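K.L.:
below is the structure, and that's it, no one-letter string:
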């Protein structure tokens, strides 16, 4: 475990307590315009009579061991440079209400921690590595200041319990310091890279650091590339997310009477209930698309009816407690049975998916799955007389007219983000090869728009997508979501049960 002597000193001594109190005195609590101003007597009363709430039962978490290895790998990529990776802060939803906080993916991957307003700093130690320090806003001391009972953003009585410096150090095996010390820590002539995203919340704290923004992109790319191969802990989390997602889909099918009554909203709400009960949340806004809504790739309004005789395309994934997400799509007949026309189209998409999965052998091009799936799709559309040109012409890179009906690529990486490792360089991702430990989706689809005059009228408004989460192993692809039915008979039996 990393030495936590300094963290204990900050929190456990009289000097540390006095310093924390001084900070609380200087920083006014975040209150609302309609909050009452407390009297001096109330202030004094609120700062006394509280039991010790420090947790003494904490030990090193499972994720901490893996996070330390990940930090070591990042350290080796940037010798002699300071690396700064923020967790981010709250984002306003409306006026004085915020969205539920979700930390930045790279921060979680490097620490395992999910606390808001935290910043990981890897400081070069003068040899060949880095010393890791986690700066964050800990739980406020109740004997000094007003934060714990008046601050709507960080106060324990308003927003819930925040961990102490010592608790976090024990749980994640990393030295911890108060975020108020970050600005001083970033001063000096050390070249500094920052993992920036849309969140600029720590900009003011970086004023004393020697930062060249043009270098930050390389840090982001390196982190994404380090995350391409999942370690055993991550694979365990992804399997967990997939299993919960399976149960969420089954919950929806068990309530089809309510789905017919209330429509797409019932699907979304039913799945979300499972995601919150067993996981952290949904990994992305659920797509509950019935009828012609299924032809809109990212249909998230989820406010339409669900009618017998139509198909419903459900693209949903649970984000588990460690923030790893599944991403699975099933297209289901509302009344439990495919029509002959629906069956033929569904089988074509399934055949394309099977071909795409089979093509993803270790060392294969990342786009091999896409190309194999499109070959099957195009040949099938040609056999159904649904192409305006021959299959060969449609497949020609100078043509690809079939994309009118397929629209999107077949695969993306999966992990803590639903579109994981997005900052990786093209040559190491989209134009690279798949390796053992990669987890990616395979999700071909067919989409015939309601107003598309190039297809027969009875096909207009039909959208079909089948998506599974695939682990590349030394022995070939493994479908992590194979337990979820996806054949025609499997779907119908699942719905009947």
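P.N.:
Ah, there it is. The model shown is predicted, which means the values in this text are computed figures rather than measured ones.
K.L.:
please enumerate the helices of the stretch 151-300 of the chain.
P.N.:
156-159, 165-172, 182-185, 216-226, 232-254, 256-262, 264-278 (DSSP state H, counting those that start in this stretch).
K.L.:
nearest to residue 111, of those helices?
P.N.:
With Cβ to Cβ as the criterion, residue 111 lies closest to helix 165-172 of these, at 5.9 Å. Heads up, the C-betas are built off the backbone N, CA and C, glycines and all.
K.L.:
which other helices and strands does the helix or strand where residue 369 lies contact?
P.N.:
Following DSSP states H and E, one finds residue 369 within helix 368-383. On a contact count with 3 or more Cβ pairs under 8 Å, 6 or more residues apart in numbering; DSSP states H and E, helix 368-383 meets helix 340-358, helix 391-395, helix 403-406, strand 439-442.
K.L.:
10 Å - rerun?
P.N.:
Applying 3 or more Cβ pairs under 10 Å, 6 or more residues apart in numbering; DSSP states H and E, one finds that helix 368-383 contacts helix 340-358, helix 391-395, helix 403-406, strand 439-442, strand 445-448.
K.L.:
pick the most buried one from the helices of the stretch 151-300 of the chain.
P.N.:
When you average the neighbours per residue for each of these (mean count of other Cβ atoms under 10 Å), helix 165-172 leads with a mean of 23.
K.L.:
which helices and strands sit right next to that helix?
P.N.:
Where contact means 3+ Cβ pairs under 10 Å, 6+ apart, helix 165-172 is packed against helix 5-12, helix 62-77, strand 130-136, strand 175-178.
K.L.:
okay, angle between that helix and strand 130-136 too, please.
P.N.:
Using axes from the mean of the first three to the mean of the last three Cα atoms, to 10 degrees, one finds that helix 165-172 and strand 130-136 are set 130 degrees apart in direction.
K.L.:
for the record, mean pLDDT for helix 165-172?
P.N.:
Taken as a whole, helix 165-172 has an average pLDDT of 98.
K.L.:
tell me which of the helices of the stretch 151-300 of the chain approaches residue 443 most closely.
P.N.:
helix 232-254 (14.1 Å).
K.L.:
angle of the closest one against helix 264-278?
P.N.:
Using the same axes, to 10 degrees, the direction of helix 232-254 lies 140 degrees away from that of helix 264-278.
K.L.:
ok now helix 232-254, how far from the chain's centre?
P.N.:
In terms of Cα atoms, centre = their mean, to the nearest Å, the centre of helix 232-254 is set 14 Å apart from its chain centre.
K.L.:
please shift the residue numbers so they start at 572 in all later answers.
P.N.:
That works, and once the first residue is 572, the last one we named lands at helix 803-825.
K.L.:
tell me which helix or strand residue 712 sits in.
P.N.:
Element membership of residue 712 [criterion: DSSP H and E] is none; it lies in no helix or strand.
K.L.:
so how far is residue 875 from it?
P.N.:
According to Cβ to Cβ, to the nearest Å, residue 712 stands 52 Å off from residue 875.
K.L.:
same check on residue 799?
P.N.:
Applying Cβ to Cβ to residue 799 and residue 875 gives a distance of 37 Å.
K.L.:
name the residue in those two with the higher neighbour count.
P.N.:
Comparing residue 799 with residue 875 by other Cβ atoms under 10 Å, the one with more neighbours is residue 799, at 20 against 17.
K.L.:
contacting residues around that one?
P.N.:
Counting by Cβ atoms under 10 Å, 6 or more residues apart in numbering, residue 799 makes contact with 984, 986, 991-992, 995, 999-1000, 1003, 1005-1006, 1008-1011.
K.L.:
how near is the spatially most central residue of the chain to residue 886?
P.N.:
The centroid of the chain falls nearest to residue 988 when counting by Cα atoms, centre = their mean (3.1 Å). When distances are taken as Cβ to Cβ, residue 988 and residue 886 turn out to be 16 Å apart.
K.L.:
now do residue 742
P.N.:
Here the distance between residue 742 and residue 886 works out to 35 Å (Cβ to Cβ).
K.L.:
and if you look at residue 999?
P.N.:
Here the criterion is Cβ to Cβ. By it, residue 999 lies 27 Å from residue 886.
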